[in-house]
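Novice: heads up, no residue letters with this:
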Ligand SMILES: Nc1ncnc2c1ncn2[C@@H]1O[C@H](COP(=O)(O)OP(=O)(O)OP(=O)(O)O)[C@@H](O)[C@H]1O
């Protein structure tokens, strides 16, 4: 039998569902037992309070660790879309999940390696660590070495996960409903659809490898950005073999000097503009864990191209106009550019246009000053609050163009990182090369 932290990842739909049934039962047993205790003591906690006790959150985290990819992605999108509405227990649960991947037992891992790279897969490496050093959302990452000494990171997908994404996402939603962690006001349906769509794309490691290679080539001229090299011969639909990068995590960069922190954010924002206006391809998941930093060489290392999106020319041009108009504080031109991007397609009252435009103006504040101090500003949370307020008002956005939502999320994510690193950066100067007349 596998040890506690290497349980076989259940591959069948039924096995996954049975897990959930068990959890609902456990939670309810805890709730009923505590209810009886409360009654005997004369206390009366609400059903919600009983469900949200730490032991139930732990039981939930234990179950979700098998459905980690679906749970984490749903958590990520939910916290972007409905941030402040979510109970703190949900962030606690997601935090637990992030740190709590259940690695595949060796036998299962070897099975995947054999079916992807052949019976003699191990001959490709001079060393392969069977224990993963990091968890991916739907897989795990191993260190390995080539015969010539080059260090590798090998990302291996959990077997069968690609076929169970849709049911996993539904199961996680059921679990969250059982645990009452999602408030009634939050409409989960569109988020669930988006989570399924994104995870299905991310399950295609060959596509991710293609995006890695696109960015590797596109960023050859940038000495301050590194993208891991992909090893095609050892990359398949379910395995990506790439160069191992040794940078420190961005979370630990809060300890570095101001100059390093400012360099990180200036580089990431310059890259954002380059992706939007030049590559017209964007890595759309600005998660802290997707960047590493090497302070010895002052290079940012980019990981995780699973969520890369192409940006249509018209959208890219529209944002160039929009950001130029916002830099010049020209609201009418902001409205025109937003229309060109695809906002305000329906007949919308003047007042609503005004509100949406003030959101754009707020988000582009850093473009209207020489240096913007993210450390001292509440901008990231103000944007989130305002976006939330608008999305709660029925029909306010009239379904904004989907590309736009990703671009906004990416920018908001970068602002959050900038706020966390407490930096002051010249955003206007970084955008200047793209400013239209
Ligand atoms: N080339 C690499 N060099 C060093 N570490 C790596 C490399 N690739 C991945 N990792 C480690 O593995 C972790 C997960 O990888 P990655 O982000 O690609 O997976 P993912 O499935 O996209 O996960 P998520 O969606 O949770 O970000 C990274 O956060 C990093 O710690």
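Specialist: Sure, I can see it. These numbers come from a predicted model, not from an experiment.
Novice: and the stretch 151-300 of the chain, which of its residues are near the ligand?
Specialist: With the criterion set to C-beta under 6 Å from any ligand atom, the stretch 151-300 of the chain comes near the ligand through 153, 155, 228, 242-245, 287, 289-290. To be clear about C-beta, it is placed using only N, CA and C from the backbone, and glycine gets the same treatment.
Novice: Listing request: residues of the stretch 151-300 of the chain with sub-threshold pLDDT.
Specialist: Low-confidence segments of the stretch 151-300 of the chain, defined by pLDDT under 70, are located at 179, 181, 183-186.
Novice: before we move on, the earlier item: can you tell me which of the residues of the stretch 151-300 of the chain next to the ligand are buried?
Specialist: Members of these that pass the buried threshold by neighbour count (16 or more other C-beta atoms under 10 Å) are listed as 153, 155, 228, 242-245, 287, 290.
Novice: What about those, which are in helices?
Specialist: Nothing among those maps onto helices, per DSSP state H.
Novice: biggest separation within those residues, which pair?
Specialist: Farthest pair in those (C-beta to C-beta) is 243 and 287. Separation: 20.3 Å.
Novice: can you give me the helices for the stretch 201-350 of the chain?
Specialist: With DSSP state H, counting those that start in this stretch, the ranges of helices along the stretch 201-350 of the chain come out as 205-218, 258-274, 313-327, 331-341, 350-363.
Novice: okay, the angle between the second one and helix 313-327?
Specialist: Computed by axes from the mean of the first three to the mean of the last three C-alpha atoms, to 10 degrees, the angle separating helix 258-274 from helix 313-327 equals 130 degrees.
Novice: Show me what helix 258-274 is packed against.
Specialist: Applying 3 or more C-beta pairs under 8 Å, 6 or more residues apart in numbering; DSSP states H and E, one finds that helix 258-274 makes contact with strand 291-294, strand 299-302, helix 402-420, strand 424-425, helix 427-431.
Novice: any idea of the mean pLDDT in the longest one?
Specialist: It refers to helix 402-420. Averaging pLDDT along helix 402-420 yields 86.
Novice: And the ligand, is that helix touching that?
Specialist: No: with C-beta under 6 Å from any ligand atom as the criterion, the ligand is not reached by helix 402-420; the gap is at least 12.3 Å.
Novice: which helices and strands does that helix pack with?
Specialist: For helix 402-420, the elements it packs on are helix 68-82, helix 258-274, strand 281-283, helix 313-327, helix 350-363, helix 379-392, judged by 3+ C-beta pairs under 8 Å, 6+ apart.
Novice: buried stuff in that helix?
Specialist: Along helix 402-420, these residues count as buried under the neighbour rule (16+ other C-beta under 10 Å): 403-420.
Novice: try the first one
Specialist: If you call a residue buried by 16+ other C-beta under 10 Å, then strand 291-294 has these buried ones: 291-293.
Novice: Contacts for that strand next, please.
Specialist: Strand 291-294 has contacts (C-beta atoms under 8 Å, 6 or more residues apart in numbering) with 226, 245-250, 253, 256, 260, 264, 268, 299-303, 417.
Novice: Just the buried ones from those residues?
Specialist: Burial by neighbour count, judged by 16+ other C-beta under 10 Å, picks out 226, 245, 247, 250, 253, 256, 264, 268, 299-303, 417 from those.
Novice: Tell me the one among those residues nearest to residue 359.
Specialist: Set against residue 359, the nearest of the buried ones among the contacts of strand 291-294 by C-beta to C-beta is residue 417 (20.4 Å).
Novice: low-confidence ranges in the stretch 301-437 of the chain?
Specialist: Across the stretch 301-437 of the chain, residues meeting the criterion (pLDDT under 70) sit at 346, 384, 386-400.
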